[in-house]
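Participant: my questions are about this predicted structure, shown below with the sequence.
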Amino acid sequence: MPSQLTARRSTALSGRVRAPGDKSMSHRSMILGGMASGVTEVEGLLEGDDVLATARAVQAFGARVDRLEDGRWRVEGAGGFRTPRSVIDCGNAGTGVRLLMGAAAGYPLTATFDGDQSLRKRPMKRVTGPLADMGARFDWLAAEDRLPVALTGGALKAVDYVQTVASAQVKSAILLAGLNADGVTTVVEPEKSRDHTERMLRAFGAEVGVQDNGEGWTISLRGGQPLTGTFVAVPGDPSSAAFPLAAGLIVPGSEVTVEGVMLNPLRTGLFDTWIAMGADLTIANRRNAGGEAVGDITARHSKLKGIVVPEARAASMIDEYPILAATAAFAEGVTVMRGVGEMRVKESDRIALMAAGLRACGVQVEEEPEGFIVTGSASVAGGATVHTAHDHRIAMSHLVLGLAAQEPVSVDEPGMIATSFPGFVDMMNGLGGEMG
Ligand SMILES: O=C(O)C1=C[C@@H](OP(=O)(O)O)[C@@H](O)[C@H](O)C1
Ligand SMILES: C=C(OP(=O)(O)O)C(=O)O
């Protein structure tokens with residue numbers, strides 16, 4: 001990868017592409033496969049750097065992990081994790097490290113977790129706090145609440161945990177630890193968050209109780225349930241599909257179809273938002289794949305209008321606000337995105353970075369503590385090099401914007417795109433985009 005990547009104003013994009021495998025489900029398939037007894041075969045695995053780091057971690061914890069062919073992987077679990085010989089390096093992946101800490105906490109082992117410069121800045125107590133309440137021990141090796149951290153696991157007791165932030169990573173870490181805790185663990189969500197862990201635990205043979213508590217879900221899991229290896233078909237990632245679809249919406253004359261996109265309603269908030277903004281977005285060939293609804297989504301160039309995005313939708317599109325903001329830059333009027341303070345603790349402070357990047361491209365942005373407001377216009381200047389702070393979604397969002405801006409848009413650290421979407425540049429160029 002070069003040290004910069006540039007997107008230039010492109011003529012109409014067109015074509016059909018396949019969404020890469022879902023990152024959330026790919027991480028989970030490796031981790032549950034490693035915790036289980038027997039063989040798990042995974043099809044459609046996202047071979048992005050984040051997931052590859054998780055695959056290496058699961059191997060270090062004692063499973064046998066083999067790549068059979070493109071996207072087809074085999075995990076032979078040893079029915080539990082063992083003390084690894086070296087540090088578990090989770091790279092850039094918040095999902096990877098937080099779920100792995102939860103999974104590992106349930107076993108009598110010691111392990112040190114670390115990550116790259118971006119992951120080392122992200123809060124970890126949201127996960128280690130409840131895991132410590134269950135009996136795991138965490139020793140901070142550099143600074144409190146930050147990686148690297150050493151875990152001593154085993155002999156856990158179940159907890160009843162009421163979450164204050166809607167976070168699927170925190171929920172999942174507690175449930176994975178709860179699997180090897182004494183008693184019934186319950187997690188109460190303040191809002192519904194993605195439910196891939198609950199669904200996949202069932203596919204591996206565990207009983208998971210789920211009750212609607214009016215706002216979120218209350219999930220309960222009895223400890224001591226064994227997991228048995230199974231087959232996992234990973235559907236396409238709606239968070240990645242968002243980028244070619246966004247390009248289809250903002251580049252004049254375009255028509256882009258992304259096939260096989262997961263349509264779990266806890267992941268599709270962006271598509272609802274775009275439709276409310278007037279996007280010509282249609283979903284065809286709805287079907288079921290790997291226990292999830294999927295469909296083929298077509299985006300045609302659209303005259304978008306700004307809206308107030310309902311705050312209740314935040315959890316279902318939390319990773320999609322950067323690309324939403326890039327498309328809002330081309331909408332008529334104002335797009336208001338609030339209740340998204342969680343964006344500040346992702347791979348970067350995504351509110352600050354999107355505001356800075358869009359402003360550098362000539363877009364009017366107002367930043368708030370927990371949100372931001374983009375004022376769109378038919379013509380976006382571009383002509384900037386955007387600092388991405390090791391954040392793949394900041395990079396891809398500005399590159400897509402560059403395909404429709406007046407002047408080229410460049411991003412630094414384009415290598416980070418491979419954490420979630422290794423085929424991004426080839427896919428965009430295959431559709432007729434100019435990126436290089
Ligand atoms: O559980 C998951 O797979 C994820 C949950 C979300 O994080 P939070 O749980 O921190 O909201 C999301 O931002 C992340 O990309 C993936
Ligand atoms: C926030 C993200 O991932 P993670 O938390 O796994 O680093 C993301 O992919 O946008």
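Facilitator: Okay, I see it. Residues are numbered from 1 along each chain as shown. Ligands and ions are numbered 1, 2, ... in the order given.

Participant: enumerate the residues of the chain near ligand 1.
Facilitator: 24, 95, 167-169, 172, 194, 318-319, 342 (CB under 6 Å from any ligand atom). Where you see a C-beta, it was placed from the backbone N, CA and C, and this is true even at glycine.

Participant: make JSON lines out of these and add distance to V58.
Facilitator: Shown next, in JSON lines, are the residues of the chain next to ligand 1 (distance: CB to CB, whole Å):
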{"residue": "S24", "distance to V58": "16"}
{"residue": "T95", "distance to V58": "13"}
{"residue": "S167", "distance to V58": "22"}
{"residue": "A168", "distance to V58": "19"}
{"residue": "Q169", "distance to V58": "17"}
{"residue": "S172", "distance to V58": "15"}
{"residue": "R194", "distance to V58": "20"}
{"residue": "I318", "distance to V58": "25"}
{"residue": "D319", "distance to V58": "23"}
{"residue": "E342", "distance to V58": "27"}
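
Participant: which residue, other than its chain neighbours, is closest to whichever residue of the chain sits closest to ligand 2?
Facilitator: Using CB to the nearest ligand atom, the closest approach of the chain to ligand 2 is made by G94 at 2.7 Å. Closest residue to G94 apart from its sequence neighbours, by CB to CB, 6 or more residues apart in numbering: R122 at 5.7 Å.

Participant: hmm, back to that, P130 versus the residue of the chain closest to ligand 2, what's the distance?
Facilitator: Relative to P130, G94 is positioned 16 Å away (CB to CB, to the nearest Å).

Participant: stretch 115-131 and ligand 2, are they touching?
Facilitator: No. Figure legend: stretch 115-131 not in contact with ligand 2 (CB under 6 Å from any ligand atom); closest approach 7.1 Å.

Participant: re earlier: G94 and P130: which is more packed in?
Facilitator: Counted by other CB atoms under 10 Å, G94 and P130 do not tie: P130 has more neighbours, with 24 against 21.

Participant: got a list of what that one touches?
Facilitator: By CB atoms under 8 Å, 6 or more residues apart in numbering, the residues touching P130 are 159, 161, 170, 173-174.

Participant: which of those residues sits closest to G290?
Facilitator: Nearest to G290, judged by CB to CB, of these is A173 at 22.8 Å.

Participant: list of residues touching the helix or strand harbouring the closest one?
Facilitator: Under the criterion of DSSP states H and E, A173 resides in helix 168-178. With contacts defined as CB under 8 Å, 6+ apart, helix 168-178 is touched by 24, 28, 31, 35, 94-95, 98-99, 101-103, 105-106, 126-127, 130-131, 134, 136, 156, 158-159, 161, 163, 184-185, 187, 189, 193-198, 201, 208, 219, 221, 223, 315.

Participant: likewise stretch 92-101?
Facilitator: By CB under 8 Å, 6+ apart, stretch 92-101 touches 23-24, 27-28, 31, 49-51, 53-54, 57-58, 61, 88, 90, 113, 115-116, 118-119, 122, 124, 127-128, 131, 147, 149, 151, 169-170, 172-173, 176, 197, 346-347, 390, 392, 416, 419.

Participant: what residues does the chain put near ligand 2?
Facilitator: Checking the chain against ligand 2 by CB under 6 Å from any ligand atom, the hits are 50, 93-95, 319, 346-347, 393, 420.

Participant: same thing but at 5 Å, please
Facilitator: 93-95, 319, 346 (CB under 5 Å from any ligand atom).

Participant: of all these, which two lie farthest apart?
Facilitator: Those two in these that are separated most widely, counting by CB to CB, are A93 and D319, at 12.7 Å.

Participant: tell me which of those two has more neighbours.
Facilitator: Neighbour count, other CB under 10 Å: between A93 and D319, A93 has more, with 28 against 23.

Participant: now do the contacts for S37.
Facilitator: 77-79, 226-229.

Participant: could you tell me the per-residue confidence at the nearest residue to E311 once chain neighbours are set aside?
Facilitator: Spatially, and ignoring its direct neighbours in sequence, E311 is nearest to G339 (3.2 Å; CB to CB, 6+ apart). Looking at G339, its pLDDT stands at 97.
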